[in-house]
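Student: using only what follows, build the 3D model:
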Amino acid sequence: MAASCIFFAGGGTGGHLYPGISVAQSIRKRWPGMQCVFLCTERPIDRTILEPTGFEFIPQPIVPPVQNISGLLKFWTRWRETKDLVRKVRRQRKPAAVLGLGGYAAGVVVKSCATHRIPAAIINPDVIPGKANQYLMRYSKAVCCQFDQTRVHVPASQQGKLHTTGCPVRSEILNLPPREVTMKKLGLDPLLKTLVVTGASQGAQTVNQAILTALSTIKLQGWQILHLSGKEHAEEVRSGYRELPEVPVRVIDFISEMHDIWAVADITVCRSGASTCAELTACGTPSILFPYPFHKDMHQRANAKVLADAGAAILMEDTKDRRTNAAALKPVLESFLYDANRRQAMAESARKLGHPQAAEAVADVIMQMIQ
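Tutor: Coordinates of the predicted model:
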């Protein structure tokens with residue numbers, strides 16, 4: 001296969017970027033001459049995530065639409081700038097294919113390439129396709145899905161494009177480091193079990209508040225907490241734990257090495273974004289899931305329901321109220337902490353849902369399109 005490049009379009013969150021990084025790692029390993037170029041957003045999180053990978057990335061000026069006059073004007077201006085940038089980069093780099101990673105930052109690139117006869121695929125990691133993916137399906141030759149349940153939410157005219165590949169996770173997560181080594185690296189006590197709390201790359205305020213309130217009335221014995229707060233919420237979370245002096249805790253605002261987190265996690269309280277679900281099932285980590293409650297389509301709830309129905313997780317409703325969430329969480333968490341058999345059964349159920357070869361499967365789809 002002649003040396004060329006593949007565009008990876010999307011960004012703005014780790015949930016969009018990490019699956020693309022996994023596929024790019026697979027392609028780099030299997031086809032060293034193929035360059036992987038990310039067309040991401042200008043949000044700082046994109047640079048934070050992509051710089052350590054060594055992959056080339058080009059920030060797009062695109063921003064999400066906001067439903068007011070100034071917001072729509074800004075979106076229109078940035079959309080035109082993004083079209084010009086993508087046209088220029090497409091002509092210069094002549095990509096062999098494009099992989100859309102979801103979200104508003106994928107749209108211009110995927111459509112531009114597809115309309116110029118460059119084969120396009122998209123990753124659809126959520127059960128319910130988002131608006132961007134619903135739109136981009138018509139321009140794509142392949143749609144790589146994490147869940148079989150997605151078929152219920154896709155028009156009959158697009159069904160032939162669907163491939164249940166799983167959602168790609170990074171190779172480091174499929175080969176977790178030794179627990180003892182990682183405990184020392186993270187400054188944790190190797191003699192204690194670890195409860196991980198995370199709201200993904202940007203944190204989740206309602207999850208942070210729920211766990212802090214619930215822990216004020218739970219006696220932890222033999223457990224410690226590793227809390228990924230998100231940079232915006234770090235001080236609030238640290239302050240909350242200072243009021244719980246008996247709780248052994250380590251608060252981290254952001255970490256890109258999620259393999260270290262999953263290597264030490266015995267239980268996780270978290271959101272149910274697509275990438276999080278993929279990593280939980282790949283690692284066999286039992287979880288208590290609080291789906292993001294502010295999306296109209298409640299797609300994180302649909303993700304969580306798949307895991308819960310399989311016995312891999314417990315689904316909680318995020319009521320957006322600190323005390324209501326904590327009251328519901330407390331009995332569930334307490335029963336979880338001291339029932340090793342239940343945790344083991346849920347871990348096994350989670351592994352059965354995993355797709356450890358998802359990155360390779362998506363890479364195969366792309367290469368088949370090119371050939």
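
Student: now the element after the lengthiest helix in the chain, going C-ward?
Tutor: What stands out as the longest helix in the chain, according to DSSP state H, is helix 69-93. Next helix or strand after helix 69-93 toward the C-terminus (DSSP states H and E): strand 97-100.

Student: next secondary structure element downstream of that following strand?
Tutor: helix 107-115.

Student: just the buried positions in that next one, please.
Tutor: 107, 108, 109, 110, 111, 112, 113, 114 (16 or more other CB atoms under 10 Å). C-betas here are computed from N, CA, C, even on glycine.

Student: which residues sit against it?
Tutor: 7, 9, 39, 60, 62, 79, 82-83, 86-87, 90, 95, 97-98, 100, 120, 122, 132, 135-136, 139-140 (CB atoms under 8 Å, 6 or more residues apart in numbering).

Student: write the PyMOL selection for whichever of those residues are buried.
Tutor: Buried residues within the contacts of helix 107-115, by 16+ other CB under 10 Å, are selected in PyMOL with:
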select buried, resi 7+9+39+60+62+79+82+83+86+90+95+97+98+100+120+122+132+136+139+140
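
Student: circling back: elements contacting the longest helix of the chain?
Tutor: strand 5-9, strand 35-41, strand 56-60, helix 107-115 (3 or more CB pairs under 8 Å, 6 or more residues apart in numbering; DSSP states H and E).

Student: can I get those in TSV including mean pLDDT and distance to residue 325?
Tutor: Converted to TSV, the helices and strands packed on helix 69-93 look like this (pLDDT from 0 to 100; distance: least, CB to CB, whole Å):
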stretch	mean pLDDT	distance to residue 325
strand 5-9	97	36
strand 35-41	97	31
strand 56-60	98	36
helix 107-115	97	34
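
Student: and of the ones you listed, who's closest to residue 29?
Tutor: strand 35-41 (11.0 Å; CB to CB).

Student: partner strands of the closest one, with direction?
Tutor: strand 5-9 (parallel), strand 56-60 (parallel) (DSSP bridges).

Student: list the contacts of the following helix or strand past it.
Tutor: Moving toward the C-terminus from strand 35-41, the next helix or strand (DSSP H and E) is helix 44-50. Residues outside helix 44-50 that contact it (CB under 8 Å, 6+ apart): 11-14, 17-18, 21, 38, 40, 57, 59, 201-202, 254, 256.

Student: if we can go back for a sec, figure out how far the longest helix of the chain is from the centre of its chain.
Tutor: 26 Å (CA atoms, centre = their mean, to the nearest Å).

Student: re the thing from before, if you compare the strands paired with strand 35-41, which one is most tucked away?
Tutor: strand 5-9 (a mean of 26; mean count of other CB atoms under 10 Å).

Student: could you pull out the strands in the stretch 251-371 of the chain for me?
Tutor: 267-270, 287-289, 313-315 (DSSP state E, counting those that start in this stretch).

Student: just the buried residues of helix 107-115 now: which is nearest residue 220?
Tutor: After measuring these against residue 220 - CB to CB - the closest member comes out as residue 107, at 45.9 Å.

Student: distance of that closest one from residue 90?
Tutor: 14 Å (CB to CB, to the nearest Å).

Student: now residue 55
Tutor: Relative to residue 90, and taking CB to CB, residue 55 is found at 18 Å.

Student: and for residue 321?
Tutor: Taking CB to CB, one finds residue 321 at 48 Å from residue 90.

Student: residue 50 now?
Tutor: 20 Å.

Student: again with residue 59
Tutor: From residue 59 to residue 90 the distance is 16 Å (CB to CB).

Student: rewinding a little: any buried residues in the longest helix of the chain, and which?
Tutor: 74, 75, 78, 79, 82, 83, 85, 86, 89, 90, 93.

Student: swap in stretch 15-33?
Tutor: 15-28, 31.

Student: just the buried residues of helix 69-93: which has the poorest pLDDT?
Tutor: In terms of pLDDT, the lowest of the buried residues of helix 69-93 is residue 75, showing 89.

Student: go ahead and confirm it touches residue 66.
Tutor: Yes. Counting by CB atoms under 8 Å, residue 75 touches residue 66, with 6.8 Å between them.

Student: any weak-confidence spans in the stretch 201-350 of the chain?
Tutor: For the stretch 201-350 of the chain, the stretches flagged by pLDDT under 70 are 201, 203.
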